[in-house]
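**Student:** missing the sequence, but the structure's below:
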């Protein structure tokens, strides 16, 4: 070994054999199927969010008088500002899609069952954090719809029994939408939520490492479940390929459908049609159908049931061991959410 190699080895005492053993860890054969690799996709997109978000922060001003103008400056005058803003927007949308698809895959394959109930609960909180990430992100643009969407969100939050008014005041920085609201959302978006998400992702991955990857019995797929393959280089290269494909898709979306700007927020003028981002369409339509109080209570109860489903499923399977009842319930919920989302997307009021 060269003198430089000895110098590095003494100061960075890494056990090469341990690294090789880690890299050759056997991975279940079903991970060759792309839909079982969705867990890594949000992580790639989160990294892109961090990089592009830091670049945007250099120019963004979290102040009601300057927020919209700073976004306009980024979009129209900063070199490649429109591109990085578009990457940030599309990676956020795809991240939400990837997390939702990952949750659906875990649910419909029963990978949340004993002993992985706690990891399902962690994943549920991750989904909530990602959605809140998206909400605070589009609120920072300070467009008409983002401002009035934040107003509706504040009204929904304040309707939560007992803690609602206090929670709404904390999020808004006051009893109503004010100058402090944008600052609060900015702090949440660049500080609180990224920290929380990193912590939850680390905890989620640690739990996966402790329990191992769920094994499935799949028929007519051409994948023998009795076989495994090494993590490195096979699965590692699969993840790299997914990352490359994601960058191609994101770059294409950013160039073909760049992020645009609507009218600046005006607290004195209520838009004719207020719509949130697409991932909140179903909640907005549900609010219109049921009313404020019923919508808040039912959505809160639904999220509680969602988090606790592994334990509810355990009770159900004692009576119906096949697990088909849970699958039917899950399918009905997905259909309901899709119907409400499409309904709100095409509705004019």
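**Tutor:** Ah, there it is. As the structure is a prediction and not an experimental result, all values here were calculated from the model.
**Student:** Number of residues surrounding residue 102?
**Tutor:** 21 (other Cβ atoms under 10 Å). The way it works is simple: take the backbone N, C-alpha and C, and place the C-beta from them, glycine included.
**Student:** Cross-check the contact I'm expecting between it and residue 42.
**Tutor:** Yes - using Cβ atoms under 8 Å, residue 102 is in contact with residue 42, at 6.9 Å.
**Student:** Now do the shared contacts for these two.
**Tutor:** Residues touching both residue 102 and residue 42 (Cβ atoms under 8 Å, 6 or more residues apart in numbering): none.
**Student:** low pLDDT regions in the stretch 201-349 of the chain?
**Tutor:** 214-235 (pLDDT under 70).
**Student:** Tell me which stretches of it form helices.
**Tutor:** Counting by DSSP state H, counting those that start in this stretch, the stretch 201-349 of the chain has helices at residues 236-256, 281-290, 292-307, 309-319, 324-346.
**Student:** any idea which of those is most buried?
**Tutor:** Among the helices of the stretch 201-349 of the chain, helix 281-290 has the highest mean neighbour count (mean count of other Cβ atoms under 10 Å), at a mean of 18.
**Student:** Pull the residues that contact that helix.
**Tutor:** Contacts of helix 281-290 (Cβ under 8 Å, 6+ apart): 152, 156, 275-276, 295, 298-299, 336-337, 340-341, 343-345, 347.
**Student:** let's go with 10 Å and repeat that
**Tutor:** Applying Cβ atoms under 10 Å, 6 or more residues apart in numbering, the contact partners of helix 281-290 are 131, 149, 152-153, 155-156, 274-277, 280, 294-299, 302, 336-345, 347, 349.
**Student:** wait, isn't residue 115 in contact with residue 210?
**Tutor:** Yes - with contacts counted by Cβ atoms under 10 Å, residue 115 reaches residue 210, the gap being 9.3 Å.
**Student:** Secondary structure element holding the residue nearest to the spatial centre of the chain?
**Tutor:** Using Cα atoms, centre = their mean, the residue of the chain that lies closest to the mean C-alpha position is residue 130, 3.3 Å off. Assigned by DSSP states H and E, residue 130 falls within helix 117-140.
**Student:** Quick one: distance of that helix to the chain centre.
**Tutor:** Centroid separation for helix 117-140 versus its chain: 5 Å, with Cα atoms, centre = their mean, to the nearest Å.
**Student:** Next: stretch 328-336.
**Tutor:** 20 Å.
**Student:** mind starting the numbering at 820 from now?
**Tutor:** Sure thing, new numbering starts at 820, so read that last one as stretch 1147-1155.
**Student:** which residues are contacting that stretch?
**Tutor:** For stretch 1147-1155, the surrounding residues in contact (Cβ under 10 Å, 6+ apart) are 919, 923, 926-927, 1101, 1105, 1121, 1124-1125, 1128, 1131-1132, 1135.
**Student:** got TSV for those residues, with distance to residue 1149 too?
**Tutor:** TSV is the format used below for these (distance: Cβ to Cβ, whole Å):
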residue	distance to residue 1149
919	13
923	8
926	5
927	6
1101	15
1105	18
1121	13
1124	11
1125	10
1128	9
1131	12
1132	10
1135	12
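**Student:** List the residues that contact residue 886.
**Tutor:** Shown in contact with residue 886 (Cβ under 10 Å, 6+ apart): 879-880, 958-962, 965-966, 1001-1002, 1004-1005, 1083-1084.
**Student:** ok, now residue 880?
**Tutor:** 886-890, 892, 1001, 1005.
**Student:** mind checking the SS state of it?
**Tutor:** Here residue 880 is coil, with the state taken from DSSP: H, G, I helix; E, B strand; the rest coil.
**Student:** which residues touch the closest residue to residue 936 other than its chain neighbours?
**Tutor:** Closest residue to residue 936 apart from its sequence neighbours, by Cβ to Cβ, 6 or more residues apart in numbering: residue 1129 at 3.8 Å. Shown in contact with residue 1129 (Cβ under 10 Å, 6+ apart): 926, 929-940, 943, 1145.
**Student:** cool, residue 866 as well?
**Tutor:** Residue 866 is in contact with 910, 1062, counting by Cβ under 10 Å, 6+ apart.
**Student:** Name the helix or strand for it, please.
**Tutor:** Using DSSP H and E, residue 866 falls in helix 859-876.
**Student:** what angle separates that helix from helix 1055-1075?
**Tutor:** If you take axes from the mean of the first three to the mean of the last three Cα atoms, to 10 degrees, helix 859-876 sits at 40 degrees to helix 1055-1075.
**Student:** Buried residues in stretch 919-938, which are they?
**Tutor:** For stretch 919-938, the neighbour count (16 or more other Cβ atoms under 10 Å) marks 919, 921-922, 925-926, 928-932, 935-936, 938 as buried.
**Student:** Longest helix in the chain, by number of residues?
**Tutor:** Longest helix in the chain, counting residues (DSSP state H): helix 900-927.
**Student:** From the contact counts, what lies against it?
**Tutor:** helix 859-876, helix 886-895, helix 936-959, helix 1055-1075, helix 1128-1138, helix 1143-1165 (3 or more Cβ pairs under 10 Å, 6 or more residues apart in numbering; DSSP states H and E).
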